[in-house]
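*Asks:* Next comes the sequence, and after it the predicted model I'd like to discuss.
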Amino acid sequence: MLKYIISFYFCLIFVDSFSQNETTPEVKKDTIIYKTGYGLRLGMDISKLGLIIVDKSYSGLEIVGDYRVSKSWYAAAEIGHEEEITFEDYTKSTSKGNYIRLGANYNAYNNWLDMNNEIYVGGRYGFAIFDHTLNSYTPNVSNPDFPSYFPATPITTPTTETGLTAHWLEFQLGIKVETFKNLFIGFSGSYKVAVSIDDQSGFKTLYAPGFNRVYSSDTGFGFNYTISYLIPFVNK
């Protein structure tokens, strides 16, 4: 019996010694770090090209750009030129000029891994300098009691005023999706509030470049559909 106890004891010592000599397998950590490009993104508003095709009274071009300054913040700007002919019941007018909008976007979308998409809110300060022409109008001189004696004769001699300016603020909401590497498709809508818009002498400005149609409440709306390309300066 003592012989079996001594043999069992030596067996336990051997097993314990073997287990202590075994090395614990090393757990490898995931060393993949996903980085995204920081740089200048440039493009254009292709919706204006569509408007030129379907609306012969409009022409325009807008260049868009932004620069990523942090994980969620982008400095942004749009610069462009527009010419628009506005037809009313008794007037025809043309507004033509250049504009710029400056501001920032905040990306509220939390991307997965190496995705680089955006759902953003943004703010802009807009400024335009433009010329306004009253092409023709019909004076309101008719007398309903004597229509044949007071005919309303249209005035077709254009009058132009140059160097008019417009200032406004706008709120933007939009998306940008990376379709191919560094190539983005985007869409945004905006609500605009006029700070000041110059009027031609004797006639209210109905359209301001960059602001779009001016309503009686001195507010406006806009949208764009953009295609842009990111020039990455650094990956973070």
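*Replies:* Perfect, thanks for sending it. Numbering: from 1, shown residues only.
*Asks:* for the chain, what spans make up the helices?
*Replies:* For the chain, helices defined by DSSP state H occupy the ranges 2-21, 47-54.
*Asks:* Which residue is the nearest non-sequential neighbour of the spatially most central residue of the chain?
*Replies:* For the chain, the residue nearest the mean C-alpha position is residue 188 (5.2 Å; Cα atoms, centre = their mean). With sequence-adjacent residues excluded and distances taken as Cβ to Cβ, 6 or more residues apart in numbering, residue 188 is closest to residue 174, at 2.7 Å. Any C-beta I mention is one placed from the backbone N, CA and C, and that applies to glycine too.
*Asks:* Residue 226 versus that neighbour, what's the distance?
*Replies:* 9 Å (Cβ to Cβ, to the nearest Å).
*Asks:* Near residue 122, how many residues? Count them for me, please.
*Replies:* 20 (other Cβ atoms under 10 Å).
*Asks:* For the top strand by length along the chain, buried residues please.
*Replies:* Determined from DSSP state E, the single longest strand within the chain is strand 159-180. By 16 or more other Cβ atoms under 10 Å, the buried positions in strand 159-180 come out as 159, 161, 164, 166, 168, 170, 172, 174, 176, 178.
*Asks:* Wait, the last one touches residue 117, no?
*Replies:* Right, residue 178. Yes: assessed by Cβ atoms under 8 Å, residue 178 is found in contact with residue 117 at 6.0 Å.
*Asks:* residues near the closest residue to residue 80 other than its chain neighbours, how many?
*Replies:* Nearest non-adjacent residue to residue 80, counting by Cβ to Cβ, 6+ apart: residue 62, 3.5 Å away. Applying other Cβ under 10 Å, we find 22 residues neighbouring residue 62.
*Asks:* Bridging across strands, which residues link to the nearest residue to residue 78 once chain neighbours are set aside?
*Replies:* Counting by Cβ to Cβ, 6+ apart, residue 101 is the residue found nearest to residue 78 once chain neighbours are left out, at 4.6 Å. Note on residue 101: beta-bridge partners residue 78, residue 126, judged by DSSP bridges.
*Asks:* quick one: residue 101 from residue 126, how far?
*Replies:* 4 Å.
*Asks:* Identify the contacts common to these two.
*Replies:* In terms of Cβ atoms under 8 Å, 6 or more residues apart in numbering, residue 101 and residue 126 are both contacted by the residues 170, 210.
*Asks:* does residue 201 really touch residue 161, like I thought?
*Replies:* Yes: judged on Cβ under 8 Å, residue 201 makes contact with residue 161 at a distance of 6.2 Å.
*Asks:* Let's have the buried residues of strand 159-180 in CSV, adding distance to residue 71.
*Replies:* Output for the buried residues of strand 159-180, formatted as CSV (distance: Cβ to Cβ, whole Å):
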residue, distance to residue 71
159, 53
161, 47
164, 41
166, 34
168, 30
170, 24
172, 19
174, 18
176, 15
178, 16
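*Asks:* Which of those sits closest to residue 93?
*Replies:* residue 159 (9.9 Å; Cβ to Cβ).
*Asks:* Count the residues that sit near residue 207.
*Replies:* Neighbours around residue 207, by other Cβ under 10 Å: 22.
*Asks:* Many thanks, I have nothing further to ask.
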